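Visitor: here is a sequence with its predicted model. Questions after.
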Amino acid sequence: MPNRVQWPGLRGIAVWGLVAGLLALAPAARAAAKPAPARPGAPAPVRTGLEAIEKQVKEFTLANGFKMIVLERHDAPIFSFVTMVNAGSANENTGTTGLAHMMEHMAFKGTPTVGTSDYSKEKPLMDAVESAWQGVLAERRKGYRADSTRMAAAQAAFKDAQEASFKYVVSNEFSKILERNGVQGMNAYTADDVTAYHYSLPSNRLELWAMLEGDRMANPTFREFYKERDVVYEERRMRTESSPIGRLIDEFIHAAFVAHPYGFGGIGHPSDLKTFSAAQGADFYKKYYVAKNMACAIVGDVKFEDVQKYAQQNYSVLSDAPVPPGPDTQEPPQSAERRVILEDPAQPIVVIGWHIPAVTDPSFTAYEALGSLLGGGSYSRLNKVLVKEKKIAVQAQAFPGFPGNKYPSLFGILVVPAAGQDPLAVEKAVYDVIDEVMTSKPFTQEELDGYKVRTRAQMVGSAESREDLASELAQAQTLFGDWREFFRQAERVQGLTVQDLTDAMKRTMVKSNRTVGLIVNAKTETASGGGQK
């Protein structure tokens, strides 16, 4: 089974190794990739920049609404794709948190034709598993009135039903088929905003790709659902309960979002991960995995006409149901600072978040620039002051769009204090830098110009990579409704002014709008706390 990762965010990367999927940053500091040499006899690549690349992109939409974005690139006999579903953990509800992540896992379990030795015999056994689980739930929901004997019998029946259902399972057949055909980078991720599936294959396996992907998107079986649910529960235990930074981020998110589903935390609540059923999973899949709610970008050694033909043959079976609505619940304005203090002998950590608009808001471009100029690298203000000059921190990073960016989210700052430093003092030092930028030492035009150059270089690097460009195009199509918005980002960045950044900070970075999370050692005084006016 592929190793799953969390949503990397628009142009995003993991913020810090120990966070391991709990934080995400944008923009990424991608190095510009060198194009591969052209194959003998292959058409020479004509891309010379973002504008030229945009003109080479083609698209088509099937009758059911499934969108395909295609860029022919014949410099190597390989293609990469990303299929993105416009649904993630923000589309879950109380009682079913974690279901979006389960859908990702189920997509690798096969279909009625892949992953089974005899589906006609396997299906009744899977139905028996579901019936047995409902028996367990029925007794459990009686609470203190539950009968221990009946509960034990129900659990035994559930275990026996699962064991019987495994008889016809061909483990990991979907992945093994791809491995035999030269797959690279087979993976998927579930995020608050989206769920994505991606890998690369030799170009002569395009028809196989379409057959496998169309089948698994249209015909999930929810094979080994409860076994895999236990795997997801273990992921939560490892990432959250067993990790100080995981526990802090979990509490931090719950504190920052009191209404919006971003506050669920992404991985799912422990009780939900022990309760929701395969039937509920099927309902979630039926609602969100519909053609109009998905997009696929493919980049590489393919012909547009072939992609059209194979997509028509294999993706037309996807449901043509309407696009499901997103959550109606909106996060109310925050009117008081919220603080989460985790006392632990672990490495102290400072995390601060301020509520900001969604990625589709025109002001979001300014927050992306702030992420870079405040905490994007050695050139950034926080790193210059906290790490280099005062030496009170070993790392400082800033990032917009946490934990997602489809809906109004957070602008975050994460700082790792140096050994022996009081995290409360480090927190105050962060506010001092921010106050200085907003008052006496605003960002210079030179700093902003440097960001503009870096951003374009990063975008060019993404565009030169098959995998990255497929991801960028699919993300832009999903979040903005138009893949061209990836290319418009360069224009938005070039239009930024220093005043745009200052205005964004003054609107957002106020005490009443912030949530603070700290890991402190027990001896640290926690009553005072830093205070930015």
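Guide: That came through fine.

Visitor: and the pLDDT for the most far-flung residue of the chain relative to its centre?
Guide: Taking CA atoms, centre = their mean, the residue of the chain most remote from its mean C-alpha position is residue 149, at 43.1 Å. pLDDT for residue 149: 93.

Visitor: likewise residue 239?
Guide: We note a pLDDT of 87 for residue 239 in this prediction.

Visitor: can you give me the helices for the stretch 351-500 of the chain?
Guide: Counting by DSSP state H, counting those that start in this stretch, residue ranges of the helices within the stretch 351-500 of the chain are 364-375, 381-382, 423-438, 445-464, 466-480, 485-494, 498-508.

Visitor: residue 330 and residue 260, how far apart?
Guide: Going from residue 330 to residue 260 by CB to CB, to the nearest Å gives 7 Å. Every residue, glycine included, has its C-beta placed from N, CA and C.

Visitor: who touches both of those two?
Guide: residue 408 (CB atoms under 8 Å, 6 or more residues apart in numbering).

Visitor: looking at the two, which has the bigger crowd around it?
Guide: When residue 330 and residue 260 are compared on other CB atoms under 10 Å, the one with more neighbours turns out to be residue 260, at 19 against 10.

Visitor: which SS class is residue 79?
Guide: Put simply, residue 79 is strand when judged by DSSP: H, G, I helix; E, B strand; the rest coil.

Visitor: quick one: residues contacting it.
Guide: 200-201, 203, 206, 209, 298-302, 466.

Visitor: any chance of CSV for the helices of the stretch 351-500 of the chain, columns mean neighbour count, distance to residue 186 and mean pLDDT?
Guide: Formatted as CSV, the entries for the helices of the stretch 351-500 of the chain read as follows, by neighbours: other CB atoms under 10 Å; distance: least, CB to CB, whole Å; pLDDT from 0 to 100:
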stretch, mean neighbour count, distance to residue 186, mean pLDDT
helix 364-375, 25, 30, 96
helix 381-382, 22, 37, 96
helix 423-438, 19, 40, 96
helix 445-464, 17, 20, 94
helix 466-480, 24, 12, 96
helix 485-494, 18, 24, 93
helix 498-508, 17, 39, 96
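
Visitor: which one of the ones you listed lies closest to residue 342?
Guide: When the helices of the stretch 351-500 of the chain are ranked by proximity to residue 342, the top entry is helix 423-438, at 10.4 Å, counting by CB to CB.

Visitor: and for residue 162, the neighbour number?
Guide: If we define neighbours as other CB under 10 Å, then residue 162 has 19 of them.

Visitor: same thing with residue 172?
Guide: The burial count assigned to residue 172 is 15, neighbours taken as other CB under 10 Å.

Visitor: tell me which other helices or strands the helix or strand where residue 229 lies touches.
Guide: Using DSSP states H and E, residue 229 sits within helix 225-236. Under the contact criterion of 3 or more CB pairs under 8 Å, 6 or more residues apart in numbering; DSSP states H and E, the helices and strands touching helix 225-236 comprise helix 99-106, helix 119-140, helix 148-165, helix 270-273, helix 278-288.

Visitor: just name the most buried of those helices.
Guide: The densest packing among these, expressed as mean neighbour count by mean count of other CB atoms under 10 Å, is seen in helix 99-106 with a mean of 25.

Visitor: chain center to it: distance?
Guide: Its chain's average C-alpha position is 13 Å from that of helix 99-106, according to CA atoms, centre = their mean, to the nearest Å.

Visitor: mind giving me the packing neighbours of it?
Guide: Checked by 3+ CB pairs under 8 Å, 6+ apart, helix 99-106 has strand 184-190, strand 195-202, helix 225-236, helix 278-288 packed alongside it.

Visitor: now the closest residue in space to residue 365 that isn't next to it in sequence: how far from residue 115?
Guide: Leaving out its chain neighbours, the residue that sits closest to residue 365 by CB to CB, 6 or more residues apart in numbering is residue 492, at 4.4 Å. Using CB to CB, residue 492 is found at 44 Å from residue 115.

Visitor: same deal with residue 361?
Guide: With CB to CB as the criterion, residue 361 and residue 115 are 43 Å apart.

Visitor: ok, residue 476 next?
Guide: Plainly put, residue 476 is 33 Å away from residue 115 if you go by CB to CB.

Visitor: and the helices of the stretch 351-500 of the chain: which comes nearest residue 126?
Guide: Smallest distance to residue 126 across these (CB to CB): 31.1 Å, for helix 466-480.

Visitor: other SSEs contacting the closest one?
Guide: Identification of packing neighbours for helix 466-480 by 3+ CB pairs under 8 Å, 6+ apart yields strand 67-72, strand 78-85, strand 195-202, strand 294-300, helix 445-464, helix 485-494.

Visitor: which parts of the stretch 201-350 of the chain are helices?
Guide: With DSSP H, counting those that start in this stretch applied, the stretch 201-350 of the chain shows helices at 206-218, 225-236, 244-256, 270-273, 278-288, 304-314, listed in chain order.

Visitor: may I see those arranged in CSV, with mean pLDDT and distance to residue 518 as well?
Guide: Written out in CSV, the entries for the helices of the stretch 201-350 of the chain read as follows (pLDDT from 0 to 100; distance: least, CB to CB, whole Å):
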stretch, mean pLDDT, distance to residue 518
helix 206-218, 96, 43
helix 225-236, 92, 22
helix 244-256, 94, 8
helix 270-273, 92, 24
helix 278-288, 95, 36
helix 304-314, 97, 50
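
Visitor: ranking those helices by burial, who's on top?
Guide: Among the helices of the stretch 201-350 of the chain, the stretch with the highest mean neighbour count (mean count of other CB under 10 Å) is helix 244-256, at a mean of 22.

Visitor: quick one, it and helix 225-236 angle?
Guide: Following axes from the mean of the first three to the mean of the last three CA atoms, to 10 degrees, one obtains 100 degrees for the angle between helix 244-256 and helix 225-236.
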